[in-house]
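Student: Fold the stuff below for me.
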Amino acid sequence: MDYKISELVALTHVPKSTILYYIKEGLLPEAIKIKSNVHCYSEEHVELIKYIKYMQQEMGSSIEEIKGILQNKNQSMASSFSMLAPLMETLSAIPPTAKHYTKKEFTDSFDIDPALMDQLLKDGILVPTGGDNFTDKEASLIRLIEDYIDIGLEYALLKEYVTQAKLLANLECQLQQQLCKKRTDETFSTLWKIMFETLFNAKSYLFSRYTHKELLKVLQDELQKKQNLS
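Tutor: The predicted structure follows:
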């Protein structure tokens, strides 16, 4: 679909002057000139403008950094708004409607012991998406920790989860790097499919199935012992 500059501004909520600046800096392709004073913009312009906004607002990237990514997109999977944004939003596990709190607002609103919260941050049990950005997700995890403490149980399992999560995150970053080496314009969509399927389907399947397998073995052993005693 083709757009006039006024339509592009309305679609992206980015001023005309900024769009022209992006073109001048090489972040956007030149518009197609239909007449002397009429220029035509495409879906590619819409996608790229949304991408630039996302990288600036959510990732804190500078214009120069974004330009570098776009100029070397065959070595990067981070050059598409339509794929990068949903991946990062899903991984954050925070719904768009979630209420956000500063650390003080959070401890006051949920009656959290500040000392416990600091310890959980130190242990890596709490992993806020920003340095001073907390949601209901963190509150529910703290309530779980309080249940551990109430019955006199050390939350060592959750600490081990942190260790394993870091190792897994490293493996997943290695996967991303390997996929980037395979990237071409033709394989780009397939590489993102591999990334999504691995992170959200294969991982869940493997972890759940192995837990199921181990618990099943425990239950079978318990039943066998009861049969042997009867």
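Student: Tell me, how many residues neighbour residue 39?
Tutor: Under the neighbour criterion other Cβ atoms under 10 Å, residue 39 is assigned a count of 16. C-beta coordinates here come from the backbone N, C-alpha and C atoms, glycine included.
Student: how near is residue 85 to residue 149?
Tutor: 38 Å (Cβ to Cβ, to the nearest Å).
Student: any idea what sits nearest residue 30, other than its immediate chain neighbours?
Tutor: residue 23 (6.2 Å; Cβ to Cβ, 6 or more residues apart in numbering).
Student: Hmm, that neighbour is touching residue 17, no?
Tutor: No - Residue 23 lies out of contact with residue 17 (Cβ atoms under 8 Å); the separation is 10.9 Å.
Student: Next, give phi and psi for residue 26.
Tutor: phi 90, psi 10 (degrees, to the nearest 10).
Student: could you list every residue that touches the residue nearest to the spatial centre of the chain?
Tutor: With distances taken as Cα atoms, centre = their mean, residue 88 lies nearest the centre of the chain, 2.1 Å away. Applying Cβ atoms under 8 Å, 6 or more residues apart in numbering to residue 88 gives the contacts residue 58.
Student: low-scoring pLDDT stretches of this structure, where are they?
Tutor: Within the chain, no range satisfies pLDDT under 70.
Student: where do the strands sit along the protein?
Tutor: Assigned by DSSP state E, the chain shows strands spanning 32-35, 38-40.
Student: Deepest in the core, which of those strands is it.
Tutor: strand 38-40 (a mean of 14; mean count of other Cβ atoms under 10 Å).
Student: Could you spell out the sheet neighbours of it, each with its direction?
Tutor: strand 32-35 (antiparallel) (DSSP bridges).
Student: Just give me how far the strand it pairs with sits from the chain centre.
Tutor: Between the mean C-alpha location of strand 32-35 and the chain-wide mean there is a distance of 39 Å, by Cα atoms, centre = their mean, to the nearest Å.
Student: next one: stretch 158-172
Tutor: 16 Å.
Student: ditto for stretch 1-13
Tutor: With Cα atoms, centre = their mean, you get 28 Å for stretch 1-13.
Student: got it, and stretch 71-83?
Tutor: So, by Cα atoms, centre = their mean, the centroid of stretch 71-83 is 15 Å from its chain's centroid.
Student: neighbouring contacts of stretch 95-111?
Tutor: 89, 112-114, 117, 132-139, 142.
Student: Show me which residues of stretch 13-29 are buried.
Tutor: 14, 19, 22, 23, 27, 28 (16 or more other Cβ atoms under 10 Å).
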